[in-house]
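S.K.: test case, fold it:
(2 chains)
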Amino acid sequence: MLNQKQNFLKGIIKDNPVFVMLLGMCPTLGVTSSAFNGLGMGIATLFVLLMSNIVVSLVKSQIPSKVRIPAFIIIIASFVTIVEMVLEAYIPFLFEQLGIFIPLIVVNCLILGRAEAFASKNNLLSSVIDALGMGIGFTVALTLLGVTREILGSGSIFDFRFVSENANTLILFILPPGAFIALAYLTVLFNKVSTKTS
Amino acid sequence: MFLALFIITLVAGLSLGYVNDLTKGPKAQAKLERKVNALKGVLPAFDNNPVEEVILIASERAKDSIEIYKGYMQGKVTGTAVIGSSEKGFSGLVKIMVGFGPDGAIKNIAVLEQKETPGLGTKMKGEKFIAQFRDKDPSSFDLRTTKDGGDIDALTGATITTRAFGEATQLAYDVFKANNKMKEDSKN
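M.R.: Sure, this is the predicted structure:
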């Protein structure tokens, strides 16, 4: 059981997909201009990761290793398309905000990476726990980045403003260069804290 | 090998088709709701369904035909909403919905689509900017920026966005006028 706990925690701290492995940088930098966007993207990715890990783990023995990558991509792309349709139907606001980055979850190397490196070699339970750990780690990282950029760039958290509408905020942080700056500082901070505690 | 891939694509295709069928209704519903909400924001109270009675007009100044929605209260026109757009925004398309009263004055404007710079151009959604347009009749109110000799105070650091917004509003007004004129001509 201890093993599964480690398996879960590694995705959040030791092998955090964003701050340690630096995977999935495209959505990480692209959509985190606000805390809500970061959280929404994180949860969408978590869902796709969980479902693809489950399916890949279940059918791994049926797929010839020569065609495993195309097979994984089809599985992942199907779940991404499902997420896209469901978001458009039920959370149109988030669908509009995330825009092109939803279909791009397909090419998030975190998801294919976990399918190839973990789910195709481990049983269902381990794969589910791995997906949950990695997905939560990704969500936490994106939300942190979104919160940081929103506070500095718009003067608000989760759309709750704490400065007046005309106040001058550091607009740089909601523009693309701000994403790189915020990510770099958060990565340094995260690794400093996690190496100290471990 | 072929069989495995075939089965995977088959299952994927079938399940996507199933989810598509499932979400088709809610997707259309969500789109409609967004439009009705925008209409409620720019028109005086109405009791008909303007979305069903949309009028489409072609204009050489816009790529798509322009949508006109009329709001009625007990059979009388209370306002007209026109969707204006401009390609000249800082990052391309700016699409807005302008509500006109029966007298031709602007009631309210809602921004439908934009990709402007966050924190600068996006302030066109702000109350302070939109308030400049309310209750103004574009026949006497110049929709250009003060810099270009018009009556609109440009957003700080977003003159291009302001110009695009003004142009989109002007387009909406021109189409509104043209539509009214067409109706009067057909009456005579």
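
S.K.: mind listing the strands for the chain?
M.R.: Going with chain A. A:156-157, A:160-161 (DSSP state E).

S.K.: switch to chain B, that's the one I care about
M.R.: B:55-57, B:66-73, B:76-89, B:92-100, B:106-113.

S.K.: which bits of chain A sit near chain B?
M.R.: A:33, A:59, A:62-64, A:66-67, A:70-71, A:74-75, A:77-78, A:81-82, A:85-86, A:88-90, A:92, A:153-154, A:165-166, A:169, A:171, A:174-175 (CB under 8 Å from any CB of the partner chain). Backbone N, C-alpha and C define where each C-beta goes, glycine included.

S.K.: coming back round to it: could you identify which of the strands of chain A is most buried?
M.R.: strand A:156-157 (a mean of 16; mean count of other CB atoms under 10 Å in any protein chain shown).

S.K.: residues from chain B in reach of chain A?
M.R.: B:1, B:4-5, B:8-9, B:12, B:15-16, B:19-20, B:23, B:26-27, B:29-31, B:34, B:117-120, B:126, B:128.

S.K.: thinking residue A:170 is in contact with residue A:151, fair?
M.R.: No. Using CB atoms under 8 Å, residue A:170 makes no contact with residue A:151, being 9.4 Å away.

S.K.: to residue A:6, which of the strands of chain B lies closest?
M.R.: strand B:106-113 (47.3 Å; CB to CB).

S.K.: about what we covered before: how about TSV for the strands of chain B, with mean neighbour count and mean pLDDT added?
M.R.: Output for the strands of chain B, formatted as TSV (neighbours: other CB atoms under 10 Å in any protein chain shown; pLDDT from 0 to 100):
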stretch	mean neighbour count	mean pLDDT
strand B:55-57	14	84
strand B:66-73	20	87
strand B:76-89	21	89
strand B:92-100	22	91
strand B:106-113	20	90
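
S.K.: for the residue nearest to residue B:38 when sequence neighbours are not counted, list the residues it contacts.
M.R.: Nearest non-adjacent residue to residue B:38, counting by CB to CB, 6 or more residues apart in numbering or on different chains: residue B:110, 4.7 Å away. The contact partners of residue B:110, taken as CB atoms under 8 Å, 6 or more residues apart in numbering or on different chains, are B:38, B:41-42, B:96-97, B:99.

S.K.: at 10 Å instead, please
M.R.: B:37-42, B:81, B:83, B:95-99, B:125, B:130 (CB atoms under 10 Å, 6 or more residues apart in numbering or on different chains).

S.K.: quick revisit: between the strands of chain B, which one is nearest to residue A:119?
M.R.: Comparing the strands of chain B by CB to CB, strand B:106-113 comes nearest, at 39.1 Å.

S.K.: for chain B, which element, helix or strand, carries the lowest mean pLDDT?
M.R.: strand B:55-57 (a mean of 84; mean pLDDT, DSSP states H and E).

S.K.: shaky segments in chain A?
M.R.: Judged by pLDDT under 70, chain A has its weakly predicted residues at A:1-2, A:165-166, A:198.

S.K.: which helix runs longest in it?
M.R.: helix A:124-154 (DSSP state H).

S.K.: give me the buried positions along that helix.
M.R.: A:126-154 (16 or more other CB atoms under 10 Å in any protein chain shown).

S.K.: tell me which other helices or strands that helix touches.
M.R.: helix A:2-12, helix A:25-30, helix A:35-59, helix A:109-114, strand A:156-157, helix A:176-197 (3 or more CB pairs under 10 Å, 6 or more residues apart in numbering or on different chains; DSSP states H and E).

S.K.: so which elements touch the third one?
M.R.: If I follow you right, that is helix A:35-59. Looks like helix A:35-59 contacts helix A:25-30, helix A:68-90, helix A:92-98, helix A:109-114, helix A:124-154, strand A:156-157, helix B:2-42 (3+ CB pairs under 10 Å, 6+ apart).

S.K.: same check on the first one?
M.R.: For helix A:2-12, the helices and strands in contact under the criterion 3+ CB pairs under 10 Å, 6+ apart are helix A:124-154.

S.K.: kindly report the same for the last one.
M.R.: Contact partners of helix A:176-197 among helices and strands, from 3+ CB pairs under 10 Å, 6+ apart: helix A:25-30, helix A:124-154.

S.K.: and residue A:179, which of the ones you listed is closest to it?
M.R.: helix A:25-30 (4.2 Å).

S.K.: in CSV: the helices and strands packed on helix A:176-197, plus distance to residue A:102.
M.R.: As requested, these are exported to CSV (distance: least, CB to CB, whole Å):
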stretch, distance to residue A:102
helix A:25-30, 9
helix A:124-154, 14
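
S.K.: contact partners for residue B:71?
M.R.: By CB under 10 Å, 6+ apart, the neighbours of residue B:71 are B:39-40, B:42-50, B:53, B:77-81, B:99, B:107.

S.K.: ok, residue A:100 next?
M.R.: A:30-31.

S.K.: disregarding flanking residues, what is the spatial nearest neighbour of residue 88?
M.R.: As the question left the chain open, I've gone with chain A. Residue A:88 sits nearest to residue A:95 (CB to CB, 6+ apart), 4.6 Å away.

S.K.: try chain B instead
M.R.: Nearest one to residue B:88, counting by CB to CB, 6+ apart, is residue B:164 at 4.5 Å.

S.K.: I'd guessed the one you found sits against residue B:96; true?
M.R.: Yes. Counting by CB atoms under 10 Å, residue B:96 is a contact partner of residue B:164 at 9.4 Å.

S.K.: so what sits against both of these two?
M.R.: Joint contacts of residue B:164 and residue B:96 (CB under 10 Å, 6+ apart) are B:85-86, B:114, B:124.

S.K.: all set, thanks.
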